[in-house]
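Chemist: Starting from these lines, generate the structure:
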Amino acid sequence: MSATNRQSRLDTLKIREAEGTLTQKERTELDAIFAELDAEEVVALKPAIEKHQAFIDNLLEEETELETTIAQLQVIVTAQTQLVEDARAYLMQLRAKHAILADKYHALIGEELAGGH
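Modeler: Numbers count the residues shown, from 1 in each chain. Here you go, the predicted structure:
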């Protein structure tokens, strides 16, 4: 059946269905036409579906790569944060040692130690 004839027949069957006058044989024919249309639609949409799936697969791959990069960056940030904490602790130790030396210098010389902060 040509597409034009099929569409015409489909329209007729749909009208009869809406009117409630569709016979069982016509119901079978209507179902067959819908099945043909569905099959054609699957074939017609297959390239688009495959392209869409490839796009999704690509996005998922990029997401995985980004998650890996994020995890690696988090390791760097954690190490950098620890480095800053270590530097602050070391600076506090140096300041404490400097204060002790400045006090000793002041006790011996009676003057402030130059370069003190």
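Chemist: remind me which residues of this protein are low pLDDT?
Modeler: Along the chain, the model assigns pLDDT under 70 to residues 1, 116-117.
Chemist: Mind jotting down where the helices sit in it?
Modeler: Under the criterion DSSP state H, helices of the chain are mapped to 3-19, 24-109.
Chemist: could I get the ones you listed as a markdown table with distance to Gly115?
Modeler: No exception for glycine: its C-beta is placed from N, CA and C like everyone else's. As requested, the helices of the chain are exported to a markdown table (distance: least, CB to CB, whole Å):
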| stretch | distance to Gly115 |
| --- | --- |
| helix 3-19 | 94 |
| helix 24-109 | 9 |
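Chemist: Identify the residues contacting Gly16.
Modeler: Heads up, residue 16 is Arg, not Gly. Contact analysis of Arg16 by CB atoms under 8 Å, 6 or more residues apart in numbering lists 22, 26.
Chemist: can you pull the buried residues of stretch 26-33?
Modeler: By neighbour count on 16 or more other CB atoms under 10 Å, the buried set for stretch 26-33 is 30, 33.
Chemist: Can you list the neighbours in contact with that stretch?
Modeler: Stretch 26-33 is contacted from outside by 6, 9-10, 13-14, 16-17, 22, using CB under 8 Å, 6+ apart.
Chemist: can you do 6 Å?
Modeler: Residues outside stretch 26-33 that contact it (CB atoms under 6 Å, 6 or more residues apart in numbering) are 10, 13.
Chemist: just how off-centre is it within its chain?
Modeler: The chain centroid and the centroid of stretch 26-33 are separated by 44 Å, computed with CA atoms, centre = their mean, to the nearest Å.
Chemist: re earlier: most tightly packed of the helices of the chain?
Modeler: Per-residue neighbour counts averaged over each of the helices of the chain give the maximum for helix 3-19, namely a mean of 12 (mean count of other CB atoms under 10 Å).
Chemist: gap between that one and the chain center?
Modeler: Its chain's C-alpha centre lies 46 Å from the corresponding centre of helix 3-19 when counted by CA atoms, centre = their mean.
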